[in-house]
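**Student:** starting from these lines, generate the structure:
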Amino acid sequence: MKYLLVIVFCFGLNSCEAQKQNNTIPNIVLINIDDLGWKDLGFMGSTYYETPNVDKLASEGMVFTNAYAGAANCAPSRACLISGLNTPRHGIYTVSPSDRGNTKTRRLVPVKNTKHLSDTIYTLPKMLKSVGYVTGSFGKWHLGDDPTKQGIDANIGGSSRGNPGKKGYFSPYNIDNITDGSKGEYLTDRLTNEAISFIEKNKDSTFFLYLPYYTVHTPIMGKKALIEKFKSKKGSKGQDNPEYAAMIASMDENVGLLLKRLAALGLEENTLIIFTSDNGGIRAISHQDPLRAGKGSYYEGGIRVPLAIKWPNHIQPNTKSSQVISNMDLYTTLQSITKPAKKADLLDGIDLTSVLKNQKVIERDLFFHFPIYLQAYKVEKDGGRDSLFRTRPGSVIISGNWKLHHYFEDNKMELYNLKTDVGETKNLVDEYPEKAKELYKKLEDWRISTQAPIPSEKNLYYDATFEAKAKLNTSKND
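**Tutor:** All right, here's what the predicted structure looks like:
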């Protein structure tokens, strides 16, 4: 009878193996801020924005100084994070459509964009559910209409929406899958309260909490008292927007509330916490000097992101890593930590467990592919390749200290040494032709191996004269 009871008990938990793993694997909290720039936090060097709670989190774990998003804007980056796959494998390159900007200024017909992540993909939440995790998402999903079809058990506020809408940070809300709070309730506060309720409900289980706040995506809307506070504070180097600073302060306050609740429930020691952003910040709102450009660009300002990971008894506090890391690596790493019976068939990230535990640096190349167009945000502040677009069709490879851009319209290349020129100010392609050739070969081999689509059809509506005049007009307005 004793053995029968054990068998029945284990069957109720799906398997004895799942029960055994649940006693050893950590809870996981993944905080993914929307459009937060690489240098928009105290621990990353900002003197204007105030982030004491996130700074404390970073000090209790490992900070990555060379962390990258999988793509330069929301949907493709989140698809890379949740699928563990690079853009050619899931087909999401931008927030649809892919033919942004004036048609007369586009030489090529861009590749058609896939709008949502396929429900058939074995997502990070699906993988964690197979180990026994309860999964919850609170905030911006942006990968499909229904997160519960993509591995999420509890969903508040998530759908295909990419932003909170006009005046959307205060209740009544515009987003889906959320009930309105009292008039004037702040969305970031509400999502945190929902996340804390999820933790409290599942404190005796093993949980994956995905917290993709809508903040700090536009519209820029902060609490009045905080806005007034930052109006009286002096900014520097393009970081001086009090409304944006108020949004960051509220985000930080809510991260602090979440961390305090984890500690009060006795869950801190067995919880792995990841804090990052989905892509670079909008340069017209906040500069990331010395990085060039911002969201939507594949210069460093558009793809470098803050990243800190805390895991008590596994990651030494107050450590920094120069490891080049992509958000795709998080899936691979969490799969290595949780050891599911059913693993993803293919992942493009690398396993970072040795980096986390031993501070080892793994040599690797990073690849980005964007066969689409993304129009300028604010011409005079974008810092892009030209005044009309943040992104024109092309690919990028980062290999060691070197970074190569290859553009499809004119077949031009740009080569930068990020060690000596992180701001990508001096194109070295003519000075180091052999290095450019070496990186191009790697890039081409990668595109072939991933079947990355390259646009080749000429746009019949392209008008070179119109484009030249448009560039001239924008330069006069700078």
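**Student:** use CA for all of it now, contacts and neighbours both
**Tutor:** OK.
**Student:** got a list of what E363 touches?
**Tutor:** Applying Cα atoms under 8 Å, 6 or more residues apart in numbering to E363 gives the contacts G400.
**Student:** pLDDT at it, what is it?
**Tutor:** Per-residue confidence (pLDDT) for E363: 96.
**Student:** check G12 too.
**Tutor:** At G12, pLDDT is 39.
**Student:** what about the spatially closest residue to K167 that is not a sequence neighbour, neighbour count?
**Tutor:** Distances taken as Cα to Cα, 6 or more residues apart in numbering put P219 closest to K167, at 7.0 Å, once the chain neighbours are dropped. P219 is flanked by 15 other residues according to other Cα atoms under 10 Å.
**Student:** relative to F466, how far out is P219?
**Tutor:** 32 Å (Cα to Cα, to the nearest Å).
**Student:** could you work out the end-to-end span of stretch 30-41 for me?
**Tutor:** The straight-line separation of the ends of stretch 30-41 (Cα to Cα) is 17 Å.
**Student:** give me the residues contacting it.
**Tutor:** So stretch 30-41 is in contact with 44-46, 49-51, 54-55, 73-74, 208-217, 273-282, 286-289, 294-295, 301, 304-306, going by Cα under 8 Å, 6+ apart.
**Student:** now for the closest residue in space to K126 that isn't next to it in sequence: which residues touch it?
**Tutor:** Distance criterion Cα to Cα, 6+ apart; nearest residue to K126, sequence neighbours excluded, is G151 at 4.4 Å. Contact analysis of G151 by Cα under 8 Å, 6+ apart lists T123, L124, P125, K126, K129, T135.
**Student:** what's the helix or strand for the fourth one?
**Tutor:** Under DSSP states H and E, the secondary-structure element containing K126 is helix 124-131.
**Student:** tell me which other helices or strands whichever helix or strand comes after that helix touches.
**Tutor:** Heading C-terminal from helix 124-131, the first helix or strand you meet, by DSSP H and E, is strand 134-138. Here strand 134-138 touches helix 124-131, strand 154-156, helix 187-201, strand 207-211, going by 3 or more Cα pairs under 8 Å, 6 or more residues apart in numbering; DSSP states H and E.
**Student:** so what secondary structure elements neighbour the second one?
**Tutor:** Okay, so that is strand 154-156. strand 134-138.
**Student:** and the angle from the strand it packs on to helix 124-131?
**Tutor:** If you take axes from the mean of the first three to the mean of the last three Cα atoms, to 10 degrees, strand 134-138 sits at 160 degrees to helix 124-131.
**Student:** returning to that earlier point: of the helices and strands packed on strand 134-138, which stretch is the most buried?
**Tutor:** strand 207-211 (a mean of 24; mean count of other Cα atoms under 10 Å).
**Student:** gap between that one and the chain center?
**Tutor:** From the chain centre to the centre of strand 207-211 is a distance of 15 Å (Cα atoms, centre = their mean, to the nearest Å).
**Student:** what does the following helix or strand past that strand contact?
**Tutor:** Remark: after strand 207-211, the chain's next helix or strand is helix 224-231, criterion DSSP H and E. Helix 224-231 is touched from outside by N241, P242, E243, A245, A246, A249, with contacts defined as Cα under 8 Å, 6+ apart.
**Student:** next SSE after the host helix or strand of G302?
**Tutor:** Secondary structure assignment for G302, by DSSP H and E: helix 300-303. The element immediately downstream of helix 300-303 (helix or strand, assigned by DSSP H and E) is strand 307-310.
**Student:** name every strand pairing with that next one and say which way it goes.
**Tutor:** strand 62-68 (antiparallel), strand 271-277 (antiparallel) (DSSP bridges).
**Student:** would L143 count as being in a strand?
**Tutor:** No. Counting by DSSP: H, G, I helix; E, B strand; the rest coil, L143 is located in no strand; its state is coil.
**Student:** distance of it from L124?
**Tutor:** 13 Å.
**Student:** and the helix holding G302, how far out from the chain's middle?
**Tutor:** Offset of helix 300-303 from its chain centre (Cα atoms, centre = their mean): 11 Å.
**Student:** only alpha carbons, please: show it as PDB.
**Tutor:** C-alpha atoms of helix 300-303 as PDB (Å, rounded to 0.1, in the frame of the first residue of the first chain):
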ATOM      1  CA  GLU A 300      25.000  50.000 -30.900                       C
ATOM      2  CA  GLY A 301      22.400  52.300 -29.500                       C
ATOM      3  CA  GLY A 302      19.600  50.300 -31.000                       C
ATOM      4  CA  ILE A 303      20.700  46.800 -29.900                       C
END
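**Student:** just put the helices and strands packed on strand 134-138 in JSON lines and tack on distance to Q316.
**Tutor:** Shown next, in JSON lines, are those (distance: least, Cα to Cα, whole Å):
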{"stretch": "helix 124-131", "distance to Q316": "25"}
{"stretch": "strand 154-156", "distance to Q316": "32"}
{"stretch": "helix 187-201", "distance to Q316": "25"}
{"stretch": "strand 207-211", "distance to Q316": "22"}
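**Student:** just the helices in the stretch 251-400 of the chain please.
**Tutor:** For the stretch 251-400 of the chain, applying DSSP state H, counting those that start in this stretch gives helices covering 300-303, 329-338, 353-358, 379-382.
**Student:** do you know which of these lies nearest S59?
**Tutor:** helix 353-358 (14.2 Å; Cα to Cα).
**Student:** run through who's touching the closest one.
**Tutor:** Under Cα under 8 Å, 6+ apart, the answer for helix 353-358 is M62, H314, I315, Q316, S321, Q323, T333, S336, I337, K360, V361, I362.
**Student:** so where's the chain uncertain?
**Tutor:** In the predicted model of the chain, residues 1-23, 475-478 satisfy pLDDT under 70.
**Student:** centroid residue for it?
**Tutor:** In the chain, the residue lying closest to the centroid (Cα atoms, centre = their mean) is D278, at 1.9 Å.
**Student:** if I pick that one, what's in contact with it?
**Tutor:** N32, I33, D34, D35, L36, A69, N73, C74, S77, R78, V305.
**Student:** still on that earlier bit, give the contact list for the residue nearest to K167.
**Tutor:** P164, G165, K166, K167, G168.
**Student:** which of the residues you listed lies closest to K435?
**Tutor:** For the contacts of P219, the nearest to K435 is P164 (44.5 Å; Cα to Cα).
**Student:** was I right to think that closest one contacts P172?
**Tutor:** No. Using Cα atoms under 8 Å as the test, P164 is too far from P172 to be in contact (11.0 Å).
**Student:** more crowded one of those two?
**Tutor:** More neighbours surround P164 than the other of P164 and P172, with 22 against 18 (other Cα under 10 Å).
**Student:** give me the subset of the contacts of helix 224-231 lying in strands.
**Tutor:** Among these, no member is found in strands (DSSP state E).
**Student:** neighbour-wise, which of those residues leads?
**Tutor:** A245 (28 neighbours).
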